[in-house]
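Novice: pasting a predicted model and its sequence here:
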Amino acid sequence: MTATRPRHALHSHFPVVDDVLQVGGIALTRLAQRVGRTPFFAYDRGLLTQRVRELRTQLPQAVALHYSIKANPMPALVQHMAGLVDGLDVASGGELKVALDAGMAPQHISFAGPAKGEAELTQAIAAGVCLNVESERELAAAARIGEALGIAPRVALRVNPDFELKSSGMRMGGGAKPFGIDAEEVPRVLREAAALGLDFLGFHIFAGSQSLRADAIIEAQARSIELGIRLAEAAPVAPRQLNIGGGFGIPYFPGEQRLDVAPIAAALEQALPRLVAALPQARLALELGRYLVGECGVYVARVLDRKVSRGEVFLVIDGGMHHHLAASGNLGQVIRKNYPVAVGNRMGGGDGSPASVTGPLCTPLDVLADRMDLGHAQVGDLIVVFQSGAYGPSASPAAFLGHPAALEVLV
């Protein structure tokens with residue numbers, strides 16, 4: 001048996017044995033037999049544990065680490081993550097059920113989202129989780145529901161900051177946003193909230209996500225901490241928590257460099273004395289999703305047909321954008337770029353001849369690889385899309401054209 005590593009730097013953490021990719025210590029061909037059919041997503045629990053452990057060794061011990069379930073809400077994966085992190089962050093009643101079922105204590109679960117209805121607010125208050133309140137309407141509703149239930153709702157204010165995370169893939173704060181309460185309005189809202197019978201916990205400040213620039217993240221975190229300290233002056237009680245979101249990105253495309261966490265951790269270490277002096281009861285928390293799980297998963301589909309059209313090779317697979325919208329480029333890419341893709345049972349590569357990977361849907365958008373070095377693939381081979389542990393099935397139009405849903409396994 002000969003063990004090697006994939007040639008592409010973006011998936012070098014998955015080993016290769018005898019030309020076959022290994023996931024969770026299992027040969028991909030054997031894993032496909034075990035799963036029973038393709039397409040499927042496979043998440044490597046060893047890599048999940050390793051990612052959290054590596055991050056823990058770098059971050060200051062005083063900083064809490066939360067997993068944002070929206071990145072990947074698969075119940076088995078969430079249960080695994082619940083044993084590794086300090087808290088879970090959810091964005092719907094459905095995700096809240098997953099978090100509670102995973103065994104995370106309610107006091108370590110927070111619930112954000114700009115459109116919480118009466119049922120979701122009731123669910124969260126009854127469960128005893130922290131509500132990241134996003135509007136004055138939500139605040140008043142929480143108080144009313146809490147009074148009816150005889151429970152003091154545990155709340156934090158989600159703040160729309162007056163800055164954004166620079167160079168981020170998705171800006172969640174700064175300017176006009178549907179998320180949270182504008183920072184300049186927070187003191188007034190806090191004064192009004194003081195008489196509502198709420199258990200005020202602190203603030204949730206989320207400036208953006210998917211950044212590969214340490215300097216941009218450091219700046220956003222510093223400004224978030226200062227904003228939290230400033231807003232605390234109007235709080236009815238001393239804040240006990242300050243969630244400054246995440247923003248940590250992962251590389252998807254050639255030329256992108258991995259995020260260097262070391263300077264971020266060093267900057268947080270330097271910022272902690274200031275936070276402790278100003279807000280001695282507040283626990284600082286990072287809320288990460290994609291960074292924790294994105295690189296730990298693969299999407300696997302089988303080649304059903306190999307076609308040549310006017311000189312170009314097309315590998316037609318049994319999966320596609322209905323399972324993995326992000327890899328097709330239709331989840332926010334302006335100019336489509338290829339995720340790292342390989343032939344999982346022929347990892348040694350071929351002669352460099354190009355081929356495109358297309359799915360079963362009757363739309364030209366159903367492309368998972370555009371003219372990549374995959375021309376050596378044959379019918380029956382397994383196509384693997386890396387960087388697929390986050391925003392896969394739950395962020396894709398699974399019902400489009402009625403094809404079966406992809407399976408998910410944790411190995």
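Specialist: Yep, it's here.

Novice: low-confidence regions, the stretch 51-200 of the chain specifically.
Specialist: Counting by pLDDT under 70, the ranges of the stretch 51-200 of the chain that qualify are 164-178.

Novice: please enumerate the strands of it.
Specialist: 64-68, 87-90, 109-111, 130-133, 154-160, 170-171, 181-182, 199-205 (DSSP state E, counting those that start in this stretch).

Novice: could I have the second one exported to CSV, CA atoms only?
Specialist: The C-alpha trace of strand 87-90 is given here as CSV (Å, rounded to 0.1, in the frame of the first residue of the first chain):
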residue,chain,number,x,y,z
GLY,A,87,-21.8,26.9,22.6
LEU,A,88,-24.1,26.4,19.6
ASP,A,89,-25.6,29.3,17.6
VAL,A,90,-28.9,28.7,15.7
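
Novice: neighbouring strands for it, and are they parallel or not?
Specialist: Paired strands of strand 87-90, with direction, are strand 64-68 (parallel), strand 109-111 (parallel) (DSSP bridges).

Novice: out of those strands, flag the one nearest residue 290.
Specialist: When the strands paired with strand 87-90 are compared by C-beta to C-beta, strand 64-68 sits nearest residue 290, at 8.2 Å. Any C-beta I mention is one placed from the backbone N, CA and C, and that applies to glycine too.

Novice: so how far is the closest one off the chain centroid?
Specialist: Centroid separation between strand 64-68 and its chain, computed with C-alpha atoms, centre = their mean, to the nearest Å, is 11 Å.

Novice: and if you look at stretch 212-222?
Specialist: With C-alpha atoms, centre = their mean as the basis, stretch 212-222 stands 18 Å off its chain's centre.

Novice: can you give the contact residues for that stretch?
Specialist: The contact list for stretch 212-222 (C-beta atoms under 8 Å, 6 or more residues apart in numbering) reads 163-168, 207-208, 211, 244, 247-251, 256-261, 263-264, 267-268, 271.

Novice: that stretch: which residues count as buried?
Specialist: 212, 213, 214, 216, 217, 218, 219, 220, 221, 222 (16 or more other C-beta atoms under 10 Å).

Novice: among those, which lie within helices?
Specialist: Members of the buried residues of stretch 212-222 lying in helices (criterion: DSSP state H): 214, 216, 217, 218, 219, 220, 221, 222.

Novice: how close does the third one sit to residue 377?
Specialist: Distance, residue 217 to residue 377, using C-beta to C-beta, to the nearest Å: 38 Å.

Novice: you'd agree residue 300 is in a helix?
Specialist: No - with DSSP: H, G, I helix; E, B strand; the rest coil as the criterion, residue 300 is strand rather than part of a helix.

Novice: so it makes contact with residue 344?
Specialist: Yes - judged on C-beta atoms under 8 Å, residue 300 makes contact with residue 344 at a distance of 6.5 Å.

Novice: mutual contacts of those two, please.
Specialist: 28, 382, 383, 384.

Novice: look up phi and psi at the residue located most distally from the centre of the chain.
Specialist: Using C-alpha atoms, centre = their mean, the residue of the chain lying farthest from its centre is residue 310. It sits 40.1 Å away. Its backbone dihedrals place residue 310 at phi 50, psi 50, with angles given as degrees, to the nearest 10.

Novice: and for residue 278?
Specialist: Main-chain torsions, residue 278, degrees, to the nearest 10: phi -80, psi -40.

Novice: show the contacting residues for the closest residue to it other than its chain neighbours.
Specialist: Leaving out its chain neighbours, the residue that sits closest to residue 278 by C-beta to C-beta, 6 or more residues apart in numbering is residue 229, at 4.5 Å. Each residue near residue 229 by C-beta under 8 Å, 6+ apart is listed here: 274, 275, 278, 279.

Novice: what is the nearest of the residues you listed to residue 390?
Specialist: residue 275 (29.0 Å).

Novice: that closest one falls within a strand, correct?
Specialist: No - under three-state DSSP, residue 275 sits outside any strand and is assigned helix.

Novice: what about the residue nearest to residue 313 when sequence neighbours are not counted, neighbour count?
Specialist: Once flanking residues are discounted, residue 313 sits nearest to residue 355: 3.9 Å by C-beta to C-beta, 6+ apart. By other C-beta atoms under 10 Å, 25 other residues sit near residue 355.

Novice: still on that earlier bit, in a markdown table: the strands paired with strand 87-90, plus distance to residue 14 and mean neighbour count.
Specialist: Output for these, formatted as a markdown table (distance: least, C-beta to C-beta, whole Å; neighbours: other C-beta atoms under 10 Å):
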| stretch | distance to residue 14 | mean neighbour count |
| --- | --- | --- |
| strand 64-68 | 22 | 24 |
| strand 109-111 | 31 | 27 |
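
Novice: residue 324: which of these is closest?
Specialist: Per C-beta to C-beta, nearest to residue 324 of the strands paired with strand 87-90: strand 64-68, 19.4 Å.

Novice: alpha carbons only: can I get that closest one in CSV?
Specialist: Only the C-alpha atoms of strand 64-68 are listed here, as CSV (Å, rounded to 0.1, in the frame of the first residue of the first chain):
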residue,chain,number,x,y,z
ALA,A,64,-15.4,30.9,24.1
LEU,A,65,-15.7,29.1,20.8
HIS,A,66,-19.2,28.6,19.4
TYR,A,67,-20.3,26.6,16.4
SER,A,68,-22.8,28.2,14.0
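
Novice: neighbouring contacts of it?
Specialist: The contact list for strand 64-68 (C-beta under 8 Å, 6+ apart) reads 52, 55-56, 59, 78, 81-82, 84-89, 91, 110, 243, 246, 283-289, 292-293.
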